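> I'll drop the sequence and a predicted model, then ask my questions.
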Amino acid sequence: MLDCIIVGSGPAGISAALTLKANGKNFMIFGSPDLSEKISKAELIRNYPGLSNVTGEGFSAALKAQLAEAKIEIKNEKVAGVYALKEKFSVLTQENNAYESKTVILACGVESIKPIDGEEAFLGRGVSYCATCDGFLYKGKTIAVVCTTKRLEHEIVYLADLAEKVYLVALYKDVAPMPKNVTLLKKIPKQIAGERRVERLVFAAPPAENIPADLPVDGVFALRECIAPTVLVGGLEAENGHVKTDKNTATNLKGCFAAGDCTGRPYQYAKAVGEGNIAAHSVVEFLK
Ligand SMILES: Cc1cc2nc3c(=O)[nH]c(=O)nc-3n(C[C@H](O)[C@H](O)[C@H](O)COP(=O)(O)OP(=O)(O)OC[C@H]3O[C@@H](n4cnc5c(N)ncnc54)[C@H](O)[C@@H]3O)c2cc1C
């Protein structure tokens with residue numbers, strides 16, 4: 001069994017990984033080989049000690065080089081669920097793999113786009129965050145996909161293969177050519193509505209010609225970089241929309257730690273890196 005699983009490949013997760021490595025721990029870090037869009041998209045970073053006026057791309061390249069030097073590989077899988085079992089954690093990924101570890105560090109960042117009204121209420125009743133986990137439920141049906149990042153376009157194509165009709169609400173630029181059954185919409189939806197299950201995606205005004213503002217759908221997939229940690233981990237305590245931690249980054253779940261933007265403001269690299277380091281040290285102490 002692994003000593004630790006780190007969820008997220010931003011500054012917090014990378015910092016935790018480097019410290020766990022230095023302490024000889026057996027761990028995996030899940031995320032993207034491109035690390036974090038919040039690093040690469042920064043124009044110029046002026047507030048990180050020791051790196052004056054570095055670009056986001058430059059910072060990202062430096063982190064990648066450091067990971068390679070330390071022989072740390074990012075596992076390119078998206079964590080879909082973390083389950084606290086007796087004295088261990090089971091971690092399931094959207095790629096349908098399962099892993100076990102003694103501890104978990106949540107370093108999954110925060111989503112800058114607010115959830116759609118009704119999204120949380122209909123979770124599991126027509127709202128899903130995972131194409132490969134729930135796509136089969138919508139075979140031959142009509143769905144909406146609200147996607148915030150180009151990086152998840154492969155999931156849209158996967159869903160288009162199953163569903164009869166897909167309305168793609170793309171909240172990013174340069175959408176790739178999509179299969180014929182995908183209709184692209186560029187308006188932000190206002191609400192997910194229905195009685196017991198999702199029935200409609202509601203817009204403030206018709207989102208395109210011949211598309212009603214009250215769009216009938218069987219389900220809504222919200223594809224984002226970050227799934228809210230409280231959705232990811234059952235029983236996790238939150239405070240003001242962030243994971244509640246103590247000064248050692250411990251959450252309310254024994255063996256589960258959290259670091260970086262997901263624990264609250266300020267949203268800054270230095271804070272994320274510092275908390276990632278503390279989380280790794282807390283894991284080392286916990287394992288003792
Ligand atoms: C454009 C821009 C410019 C910025 N400039 C600055 C600056 O100049 N100075 C500064 O201090 N801060 C800056 N920030 C803020 C800074 O980027 C964040 O505070 C920092 O990246 C937070 O690090 P993190 O590791 O907590 O989260 P993130 O960087 O958000 O990383 C989280 C990572 O986890 C991955 N992930 C999430 N969920 C899962 C999952 N379920 N499975 C697998 N992987 C997952 C995500 O894909 C992401 O790669 C900027 C942010 C933006 C958007």
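Looks like it came in fine.
> quick one: is the longest strand along the chain near the ligand?
In the chain, ranked by residue count with DSSP state E as the criterion, the top strand is strand 98-106. No - Strand 98-106 lies out of reach of the ligand by CB under 6 Å from any ligand atom, never closer than 8.7 Å. Just so you know, the C-beta spots here come from the backbone N, C-alpha and C atoms, and that holds for glycine as well.
> Which residues belonging to that strand are considered buried?
99, 101-106 (16 or more other CB atoms under 10 Å).
> pLDDT (mean, whole number) over the next helix or strand after that strand?
Using DSSP states H and E, the helix or strand that directly follows strand 98-106 along the chain is strand 127-128. Averaging pLDDT along strand 127-128 gives 93.
> tell me which of the buried residues of strand 98-106 is nearest to the ligand?
L106 (8.7 Å; CB to the nearest ligand atom).
> need the contact list for the closest one.
7-8, 82, 229, 232-233, 236, 243, 251, 256-259, 262 (CB atoms under 8 Å, 6 or more residues apart in numbering).
> Run through the residues that contact the residue nearest to it when sequence neighbours are not counted.
With sequence-adjacent residues excluded and distances taken as CB to CB, 6 or more residues apart in numbering, L106 is closest to A258, at 4.2 Å. Residues in contact with A258 (CB under 8 Å, 6+ apart) are 105-107, 229, 243, 245, 249, 251, 275, 279.
> Check S40 too.
Applying CB under 8 Å, 6+ apart, the residues near S40 are 34, 56-57, 60.
> Now that we have those, which of them are buried?
56, 60.
> any idea which of the contacts of S40 is closest to K78?
D34 (13.1 Å; CB to CB).
> how about the closest one, what does it touch?
So D34 contacts 40, 60, 151 (CB under 8 Å, 6+ apart).
> For stretch 120-139, measure first residue to last.
23 Å (CA to CA, to the nearest Å).
> And stretch 116-128, by the same measure?
Across stretch 116-128, first to last residue, CA to CA, it's 12 Å.
> what do you get for stretch 218-228?
End to end - CA to CA - stretch 218-228 spans 23 Å.
> Same list (the contacts of A258) but as CSV, adding pLDDT.
Supplementary listing: the contacts of A258 in CSV, determined by pLDDT from 0 to 100:
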residue, pLDDT
I105, 98
L106, 98
A107, 98
P229, 92
V243, 97
T245, 98
T249, 98
T251, 98
E275, 98
A279, 98
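> measure P49 to the ligand for me?
10 Å (CB to the nearest ligand atom, to the nearest Å).
> Report pLDDT for the residue nearest to L106.
98.
> same question, C226
Reported pLDDT for C226: 83.
> Give me the distance from the longest helix seen in the chain to the chain's centre.
The longest helix of the chain (DSSP state H) is helix 269-287. Here helix 269-287 is found 20 Å from its chain centre; the criterion is CA atoms, centre = their mean, to the nearest Å.
> Name the residues of that helix that come out as buried.
Here helix 269-287 shows 269, 271-284, 286 as buried, counting by 16+ other CB under 10 Å.
> try stretch 160-179
Quick answer for stretch 160-179 (16+ other CB under 10 Å): 160, 162-163, 165-170, 178.
> and the end-to-end length of it?
Per CA to CA, stretch 160-179 runs 7 Å from first to last residue.
> Ignoring the adjacent residues along the chain, who's closest to L232?
That would be V82: by CB to CB, 6+ apart, it lies 5.6 Å from L232.
> Next, count neighbours for that neighbour.
By other CB atoms under 10 Å, the residues close to V82 number 23.
> what's the helix or strand hosting it packed up against?
Assigned by DSSP H and E, V82 belongs to strand 79-85. With contacts defined as 3 or more CB pairs under 8 Å, 6 or more residues apart in numbering; DSSP states H and E, the packing partners of strand 79-85 are strand 2-7, strand 88-93, helix 229-232.
> would TSV of those with distance to I143 and mean neighbour count be doable?
What follows is these, written out as TSV (distance: least, CB to CB, whole Å; neighbours: other CB atoms under 10 Å):
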stretch	distance to I143	mean neighbour count
strand 2-7	26	24
strand 88-93	22	19
helix 229-232	19	20
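> what's the closest of the ones you listed to L223?
helix 229-232 (13.5 Å).
> Show me what that closest one packs onto, helices and strands only.
Using 3+ CB pairs under 8 Å, 6+ apart, helix 229-232 sits against strand 79-85.
> tell me the angle the strand it packs on makes with strand 2-7.
If you take axes from the mean of the first three to the mean of the last three CA atoms, to 10 degrees, strand 79-85 sits at 140 degrees to strand 2-7.
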